Every structure is written in structure tokens, then in C-alpha cells.
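Participant: Sequence and predicted structure, then a few things I'm wondering about:
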Amino acid sequence: MQQIINFIVRNKNFLLYVLLLIISLAFTVQSHTYHQSRFFNSSNWITGNIYETSNGISSYFGLAKENKRLVEENKMLRNLLFNKKISTPVELDTTNIRYTIVSGKVIKNSYSDPRNYVTINRGENDSVQPDMGVITAKGILGIVENVSNKFATVQSILNENSNINAKIKNTDHFGSLIWDTKQYNTVQLVDIPRLVPLTIGDTIVTGAMSSIFPENIPIGTIKKFNLDTSNSFYHIDVTLFNDMTNIKNVYIIDNINRPEILELESNTFSNDQ
């Protein structure tokens, strides 16, 4: 203890200078919008690179398991391709492309908070923008919320603010997919009318009312259901296909037509006022 006191006494002028410097920088950042922007951008850049380095180390030790997962995904895609009734090679009609895909990796993931976010290693440099959908090989993950040059944060479906259009597979009955914050492997589908026939194990997929996700992206299966207090709509628990505690590879989806859709809807709403 005496050594610490002696160190402070010997270096009191230098320590006072450092303290005053930190205080002045804090006041500068707090009082100027430009400095705030530069500070937080720098913080995001540093944090993103730390997460990426940490994820790179952990990914190295999980290569065998990840390769096995990719092999299974490729097998599934090949089964879909080989079972199509096509006698000639598939050609992509670029005039009818609605969605573009960017692949990426998760470098930070949370699933135990009321508002969970995922950080991915793709950003503006990769044409990633807010409000793009993010999925895995097994199902939806969330929606891009913020981006920097190299990274993006994704609002997970395990977020109390998440609200995604979803439906019962092979039907036109759709509702809203939300999360009650209780279990990391279960979300809720609400606003399904009581007249809709339901069965435990039915598959839930994305609906056609979303301008973010394509229709029929897998979500999960019905775990249980009951009527709400008004007895008009079902409250459905959905077990997710994704293991939200172990996500690596992701795909970011851009709906090319979304800006046009939003502009049209905005003009329609304005004309109704």
C-alpha cells in the first residue's frame, strides 16, 4: 500500500494531467455531434475487430463440426436440385431477379436478454443495409438494424421488439411472429383466427406480407397452442428450427423491389390523408 502511495506522490503531476485530459475529451465528445459520431464509429470499428478476432480463434477449433454442417446443407440443396423435373441445365433469368444474397458469419451472438442482437462480419462495403433479412440454412435469424463499413448488427427474432409476418405452411393463414422473452428456442405466433385448423407439429414459415423476407423461409413447428382471452385468436408457441445458441454461417437477403414497394405504400398513405 505504501508503494502505491509513493508512486502517486512521485507522479502526481503526470497523473493529474492524464485525469484532466480524459475529462476534457469527455466534455468535447459530449458537447459536439461531429465528435460523438467519430467517437462511436471508432468504438464500433474497434469492437467489431475484437469480436472478429475472437470469433476467428473459436471458429478454428470448431472447423470439423462446421464442415459437417456445411456438407449436410449442400446435401439438402442437391436433393432439391436433383429432384426437380428439369432435363436441361438451370439458367438464371436475370430480368426476374427479386432477391440478392450476401453470405456472412456471426462474430457475436446473444440469446438470453430481452433484446438480443447478433453481430455479423458484413457491412456497407458488402452492400449490406438496414432492414435486410438474415437467415441461416435452417431458418430465419433476424433483421439488420445498424451497419458500419465492415460489420452489421442484427435484431434477433429473440428480441421483444421483433415482429415478423409468418404463416402456417401450405395455407394462407398468417399472423405476427413475436417473442415473449421466456425461452431461447421458442417464439410465439399470434393473430391466427380460431377457425383455422391447427395440429401440433405443423410447420411455420415466413408469410407473403413481408417486404424483407421471401415467402416460405422455415421458422419452426407448432409446440402448443391456446385461445387468447377474447377467444378469437390463437396464441401459438413455435419451436425454432435454428439452434439460437450456436449460429455461424448466415445469408443476408436484399429485396431489390423493396424501395419501390415502400415508396408506393407511402404515396398511397399520403393520398388518403
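Facilitator: Received, thanks. Residues are numbered from 1 along each chain as shown.

Participant: Residues contacting the strand or helix carrying G142 from elsewhere in the structure, which ones?
Facilitator: Assigned by DSSP states H and E, G142 belongs to strand 140-147. With contacts defined as CB atoms under 8 Å, 6 or more residues apart in numbering, strand 140-147 is touched by 117-118, 123-124, 128-135, 152-157, 159, 162, 164, 206, 212-213, 217-219, 242, 247, 250, 252. Any C-beta I mention is one placed from the backbone N, CA and C, and that applies to glycine too.

Participant: Among these, the buried ones, what's the PyMOL command?
Facilitator: Buried residues among these (16 or more other CB atoms under 10 Å), as a PyMOL selection:
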select buried, resi 117+118+123+128+132+133+134+135+152+153+154+155+156+157+159+162+164+206+212+213+217+218+219+242+247+250+252
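
Participant: sorry, back to before: strands paired with the next helix or strand after the strand holding G142, and their directions?
Facilitator: Note on strand 140-147: by DSSP H and E, the next helix or strand toward the C-terminus is strand 152-159. In the sheet, strand 152-159 lines up against strand 115-120 (antiparallel), strand 140-147 (antiparallel) (DSSP bridges).

Participant: just how off-centre is the first one within its chain?
Facilitator: For strand 115-120, the distance between its averaged C-alpha position and the chain's averaged C-alpha position is 6 Å (CA atoms, centre = their mean, to the nearest Å).

Participant: how about the strand holding G142: buried residues?
Facilitator: So, applying 16+ other CB under 10 Å, buried residues of strand 140-147: 140-145, 147.

Participant: between those, which is nearest H235?
Facilitator: H235 has its nearest neighbour among the buried residues of strand 140-147 in I140, at 20.0 Å by CB to CB.

Participant: And that closest one, what's its pLDDT?
Facilitator: Predicted confidence (pLDDT) for I140: 95.

Participant: List the beta-bridge partners for it.
Facilitator: Going by DSSP bridges, I140 forms beta bridges with I135.

Participant: ditto for K167
Facilitator: F174, V205.

Participant: just checking, it touches T203?
Facilitator: No: if you go by CB atoms under 8 Å, K167 and T203 don't touch, sitting 9.9 Å apart.

Participant: what sits against the nearest residue to I178 once chain neighbours are set aside?
Facilitator: The shortest distance from I178 to any non-neighbouring residue, by CB to CB, 6 or more residues apart in numbering, is to Q188 (5.3 Å). Q188 makes contact with 177-180, 235-238, according to CB under 8 Å, 6+ apart.
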